[in-house]
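Student: Structure of the sequence below:
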Amino acid sequence: MWLAAGLILFIALVLLLAAVIFSARQTQRRQVLRLDKLADSAARAEPLSVDEAVLSLLPDPVARYFNHVFTDACAMNRLVRFTQTGQLKISPSSKSWSPFKASCVVSEEPPGFIWDATVRVMSIVPVRVEDSWQDGIGAGQVRFMSAFSIAREEDISELNAGAMYRYLAESVWHPTALLPQSGVQWEAVDENTAIAHLAKFGVSVSLEFRFNQQGEITGVYTEDRYGKFDGRYVRHPWEGRFSDYRDFNGVKIPVKGEVGWHLPQGWWLFWQGEIVAVENH
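Tutor: Numbering: from 1, shown residues only. Prediction:
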């Protein structure tokens, strides 16, 4: 009897392992296909260059920014991959941080991204988190051990707009996406502030960019981004902060960033990260 029970348990474990491996491989195949689609679209895009005549028409802080971050030898690529490390808080009530390591592939034309992270919940449990924005569709998925889907959402209007806000904010890591040739329209506010307007896929977002005198973007802000709180999407002020600019392939970008929400109960800093590698394609 014990032998039969042991055999059944062994078979069950083998089947479970096979299911995990199969699911992980299927996930990897889908990821590769989506990355290939992003890369193929970017490869067909028209090459970009910095047009001095266009820069002269921009608000002063924006022109100052482009003159600061672009060098004569900078790479004007439409596809960028960067690697991040950092930590995040799962919810506003969380006291502890969960470390993560992530890779992000970004296409500028058409605009889109795939962010793939492994988060160590309680510093031990590996959880795979994938956020993406492709063809105007935002998506988010959480998997345990890269195989078992815990949560997934896709193509919800608030999620789509939120992903577009994220793309625009994170363009500080690939500044060619902020050029007027990439579809961004800049509105002057004052000597250290300008608003970027982006309209794509039938959706329009506007994001306030904050600059220092050196020409660096130090922060972004909007009161109109949706986030999911207590199971429903609610609009709250959202802010990102950036620092420690360094040169990658002739382009200066901030390697440190943090993002949070201004909630009724106070400031919720939920993401802190650092860029550790950048590849231009």
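Student: Strands of the stretch 101-250 of the chain, start to end?
Tutor: In the stretch 101-250 of the chain, the strands defined using DSSP state E, counting those that start in this stretch lie at 111-121, 125-134, 137-144, 148-154, 185-190, 193-200, 203-211, 217-229, 232-248.
Student: Select, out of the ones you listed, the one closest to residue 52.
Tutor: strand 185-190 (15.7 Å; C-beta to C-beta). C-beta coordinates here come from the backbone N, C-alpha and C atoms, glycine included.
Student: Restricting to C-alpha, output that closest one in CSV.
Tutor: As requested, C-alpha coordinates have been extracted for strand 185-190 and formatted as CSV (Å, rounded to 0.1, in the frame of the first residue of the first chain):
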residue,chain,number,x,y,z
GLN,A,185,4.5,68.1,-28.9
TRP,A,186,6.0,70.4,-26.3
GLU,A,187,4.2,73.1,-24.4
ALA,A,188,6.1,75.8,-22.5
VAL,A,189,5.3,76.4,-18.8
ASP,A,190,8.3,78.2,-17.3
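Student: and it, what does it pack onto?
Tutor: Under the contact criterion of 3 or more C-beta pairs under 8 Å, 6 or more residues apart in numbering; DSSP states H and E, strand 185-190 touches strand 193-200.
Student: Just give the strands next to the strand it packs on in its sheet, each with its orientation.
Tutor: In its sheet, strand 193-200 lies beside strand 185-190 (antiparallel), strand 203-211 (antiparallel), with partners assigned from DSSP bridges.
Student: tell me the most buried of the ones you listed?
Tutor: strand 203-211 (a mean of 19; mean count of other C-beta atoms under 10 Å).
Student: Kindly export that strand (C-alpha atoms) in PDB.
Tutor: Presented in PDB, the C-alpha positions along strand 203-211 are these (Å, rounded to 0.1, in the frame of the first residue of the first chain):
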ATOM      1  CA  VAL A 203      -5.200  57.900 -27.000                       C
ATOM      2  CA  SER A 204      -3.700  61.200 -25.900                       C
ATOM      3  CA  VAL A 205      -1.700  61.800 -22.700                       C
ATOM      4  CA  SER A 206       0.100  64.800 -21.300                       C
ATOM      5  CA  LEU A 207       2.900  64.700 -18.800                       C
ATOM      6  CA  GLU A 208       4.700  67.500 -17.000                       C
ATOM      7  CA  PHE A 209       8.500  67.300 -17.300                       C
ATOM      8  CA  ARG A 210      10.800  69.100 -14.800                       C
ATOM      9  CA  PHE A 211      14.300  70.300 -15.700                       C
END
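Student: Output the strands paired with strand 193-200 in JSON lines, with distance to residue 113 appended to each entry.
Tutor: Shown next, in JSON lines, are the strands paired with strand 193-200 (distance: least, C-beta to C-beta, whole Å):
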{"stretch": "strand 185-190", "distance to residue 113": "21"}
{"stretch": "strand 203-211", "distance to residue 113": "14"}
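Student: Could you work out which of these reaches nearest to residue 122?
Tutor: When the strands paired with strand 193-200 are ranked by proximity to residue 122 (C-beta to C-beta), strand 203-211 comes first, at 33.7 Å.
Student: just for the stretch 1-150 of the chain, where's the confidence low?
Tutor: Counting by pLDDT under 70, the low-confidence segments of the stretch 1-150 of the chain come to 1-49, 72-76, 123, 145-148.
Student: Helices along the stretch 1-150 of the chain, start to end?
Tutor: Along the stretch 1-150 of the chain, the segments classed as helices by DSSP state H, counting those that start in this stretch run 2-43, 52-55, 60-69.
Student: can you pull the buried residues of the second one?
Tutor: It stands for helix 52-55. For helix 52-55, a neighbour-count test (16 or more other C-beta atoms under 10 Å) marks residue 55 as buried.
Student: Give me the distance from that helix to the chain's centre.
Tutor: Centroid separation between helix 52-55 and its chain, computed with C-alpha atoms, centre = their mean, to the nearest Å, is 28 Å.
Student: ok, and what's touching that helix?
Tutor: Residues outside helix 52-55 that contact it (C-beta atoms under 8 Å, 6 or more residues apart in numbering): 63, 66-67, 179-181.
Student: Quick one: buried ones out of those?
Tutor: Restricting the contacts of helix 52-55 to buried positions leaves 63, 66, 179, 181, with burial counted as 16+ other C-beta under 10 Å.
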